[in-house]
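J.: Need a 3D model of the following:
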Amino acid sequence: MSVLEYKCPHCGGALVFDSGTQKMLCPFCDSSFDVEALRQHDENLKSLEQENINWDDLEESDWKRGELEDMILFSCSSCGGEIMGDKSTVAKSCPYCGNTAIMTKQVSGVLRPDCIIPFKLDKNAAKKALTGFYNGKPLLPGAFRSQNSIDSITGIYVPFWLFDCDAHAAIQYKATRVHMWSDSKYNYVKTDHYELFREGDISFERVPVDGSAKMDDSYMDAIEPFDYSAAVDFQTAFLSGFVADKYDVDCEQSKPRANDRIKASTEDAFSETVAGYSTCIPQKASISIEDGKIRYALLPVWMLNTKYNGKTYTFAMNGQTGRFIGALPIHWGKFWLYLTGISALLSTLGILVINLMF
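T.: Residues are numbered from 1 along each chain as shown. I've put the predicted structure just below:
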């Protein structure tokens with residue numbers, strides 16, 4: 001013999017049916033629920049338990065006749081970075097560490113890219129962007145700005161895996177509406193609690209995940225987005241005068257990060273459909289990915305290296321849009337001076353407020 005028991009969605013306590021109100025009551029938190037609402041709640045929970053990730057295998061493109069014969073692989077003896085170029089490419093320094101000793105060998109075991117976005121901005125644009133990046137940085141050491149020079153600047157096609165898919169999501173939220181009012185004696189606050197459920201489908205195209213372990217993922221995220229309408233079928237001619245990073249993170253290794261990006265974007269999109277509440281907190285989500293397809297692409301990035309006080313600083317610029325990112329040194333003397341000034345200002349404001357109050 002089994003006993004059917006309904007749990008309170010709020011506190012987890014056992015619900016009982018009240019014949020007077022024709023509702024299910026929780027004796028622990030005093031919540032009440034319509035029977036139909038509980039039935040819908042159970043169906044929603046079943047939807048949240050279903051999750052499936054389905055990516056198709058990568059369809060590899062074959063190299064065309066003569067393409068591999070014109071390709072060279074450059075290996076950095078310092079950091080181990082491997083970049084591809086054609087025979088006319090001269091690699092004087094590694095775009096990752098600035099090391100000048102780069103050996104050469106033939107390309108082997110490298111997938112042919114499906115598409116490429118050609119460089120739109122040249123080396124002079126990258127230099128100008130670096131100078132502009134210094135502006136508005138009051139804590140930047142003066143010597144870094146005036147004496148610093150670029151040690152290396154390389155136009156590099158970074159390997160990216162592009163993920164297309166359809167996603168089905170079921171997401172549960174807890175929300176509140178807060179009402180406040182007053183009378184001559186008291187201030188009142190009433191909080192209404194709601195359980196919300198969203199379910200639907202959303203499609204994604206070209207979700208990018210860089211295939212280079214040497215590239216800082218935060219840098220590659222920061223210079224997004226790329227305009228994929230400018231992508232064309234890969235041809236080795238686009239590599240002339242540039243280099244291409246050899247992927248060392250394959251598509252299988254990139255799937256978890258693609259899944260994370262897709263799930264986060266799905267949750268953000270669904271949360272935008274919830275409005276009119278004081279608070280809304282997601283409780284549980286089930287996101288399934290279907291019809292997943294993967295493409296291999298090369299995207300244009302300018303890498304710049306400069307040294308200051310014996311440390312190498314690396315910058316990256318989107319070779320199509322000009323978005324720029326990098327880390328800069330801090331003049332700690334200026335930092336503490338600014339901090340002291342802000343503290344003094346806050347102290348003065350505090351004294352003024354106290355004087356005005358009393």
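J.: pretty sure Ile223 contacts Gln320?
T.: No. Using Cβ atoms under 8 Å, Ile223 makes no contact with Gln320, being 9.4 Å away. No exception for glycine: its C-beta is placed from N, CA and C like everyone else's.
J.: Tell me where the stretch 1-150 of the chain has strands.
T.: 16-18, 23-25, 32-33, 53-55, 71-76, 82-86, 102-106, 115-116, 150-182 (DSSP state E, counting those that start in this stretch).
J.: Same check on the stretch 151-300 of the chain?
T.: Shown for the stretch 151-300 of the chain, the strands assigned by DSSP E, counting those that start in this stretch span residues 187-210, 232-233, 243-245, 279-308.
J.: Check the ones you listed for me: which has the lowest mean pLDDT.
T.: Looking over the strands of the stretch 151-300 of the chain, mean pLDDT reaches its minimum on strand 243-245, with a mean of 83.
J.: can you put the strands of the stretch 151-300 of the chain in JSON lines and add mean neighbour count and distance to Gln172?
T.: Output for the strands of the stretch 151-300 of the chain, formatted as JSON lines (neighbours: other Cβ atoms under 10 Å; distance: least, Cβ to Cβ, whole Å):
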{"stretch": "strand 187-210", "mean neighbour count": "14", "distance to Gln172": "6"}
{"stretch": "strand 232-233", "mean neighbour count": "10", "distance to Gln172": "44"}
{"stretch": "strand 243-245", "mean neighbour count": "25", "distance to Gln172": "42"}
{"stretch": "strand 279-308", "mean neighbour count": "19", "distance to Gln172": "5"}
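J.: of those, which approaches Cys26 most closely?
T.: In this view, the strands of the stretch 151-300 of the chain are compared for proximity to Cys26 by Cβ to Cβ, and strand 187-210 is the closest at 12.3 Å.
J.: what's across from the nearest residue to Gln40 once chain neighbours are set aside in the sheet?
T.: Closest residue to Gln40 in three dimensions, ignoring its sequence neighbours and counting by Cβ to Cβ, 6 or more residues apart in numbering: Phe197, at 7.8 Å. The residues listed as beta-bridge partners of Phe197 by DSSP bridges are Gln172.
J.: Surely Phe197 and Ala169 touch.
T.: No. At 10.9 Å, Phe197 and Ala169 do not qualify as touching, with contact defined as Cβ under 8 Å.
J.: ok so, going back, and the gap between the residue nearest to Gln40 and Asn44?
T.: Using Cβ to Cβ, to the nearest Å, one obtains 5 Å as the distance from Phe197 to Asn44.
J.: Report the set of residues contacting both of those two.
T.: The contact sets of Phe197 and Asn44 overlap at 170, 172 (Cβ atoms under 8 Å, 6 or more residues apart in numbering).
J.: ok, and which of the strands of the stretch 1-150 of the chain has the densest surroundings?
T.: Comparing the strands of the stretch 1-150 of the chain by mean neighbour count (mean count of other Cβ atoms under 10 Å), strand 82-86 comes out on top with a mean of 22.
J.: Mind listing the strands it pairs with, and their directions?
T.: Looking at strand 82-86 with DSSP bridges, what it pairs with is strand 71-76 (antiparallel), strand 243-245 (antiparallel).
J.: Residues contacting the last one, please?
T.: Contacts made with strand 243-245 from outside it, assessed by Cβ under 8 Å, 6+ apart, are listed as 74, 81-85, 89, 91, 95, 154-159, 212, 214-215, 298.
J.: Pull the distance from it to the chain's centre.
T.: The gap between where strand 243-245 is centred and where its chain is centred comes out at 23 Å by Cα atoms, centre = their mean, to the nearest Å.
J.: Over to stretch 323-333?
T.: Average the C-alpha atoms of stretch 323-333, do the same for its chain, and the two points are 21 Å apart (Cα atoms, centre = their mean).
J.: avg pLDDT for it?
T.: Here the average pLDDT along stretch 323-333 is 77.
J.: cool, and stretch 12-27?
T.: Confidence over stretch 12-27, taken as the mean pLDDT, stands at 77.
J.: Let's see it as PDB, backbone CA atoms only.
T.: What follows is stretch 12-27, C-alpha atoms only, in PDB (Å, rounded to 0.1, in the frame of the first residue of the first chain):
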ATOM      1  CA  GLY A  12       8.600  21.200   1.200                       C
ATOM      2  CA  GLY A  13       6.100  20.300   3.900                       C
ATOM      3  CA  ALA A  14       3.300  17.800   3.300                       C
ATOM      4  CA  LEU A  15       0.100  19.500   2.000                       C
ATOM      5  CA  VAL A  16      -3.400  18.600   3.100                       C
ATOM      6  CA  PHE A  17      -6.700  19.100   1.400                       C
ATOM      7  CA  ASP A  18      -9.100  21.600   3.000                       C
ATOM      8  CA  SER A  19     -12.700  20.800   2.200                       C
ATOM      9  CA  GLY A  20     -13.900  24.200   3.200                       C
ATOM     10  CA  THR A  21     -11.800  26.200   0.800                       C
ATOM     11  CA  GLN A  22     -11.300  23.400  -1.700                       C
ATOM     12  CA  LYS A  23      -7.600  24.100  -1.700                       C
ATOM     13  CA  MET A  24      -4.400  22.300  -0.600                       C
ATOM     14  CA  LEU A  25      -3.100  23.900   2.600                       C
ATOM     15  CA  CYS A  26       0.400  23.800   4.100                       C
ATOM     16  CA  PRO A  27       0.200  23.600   7.900                       C
END
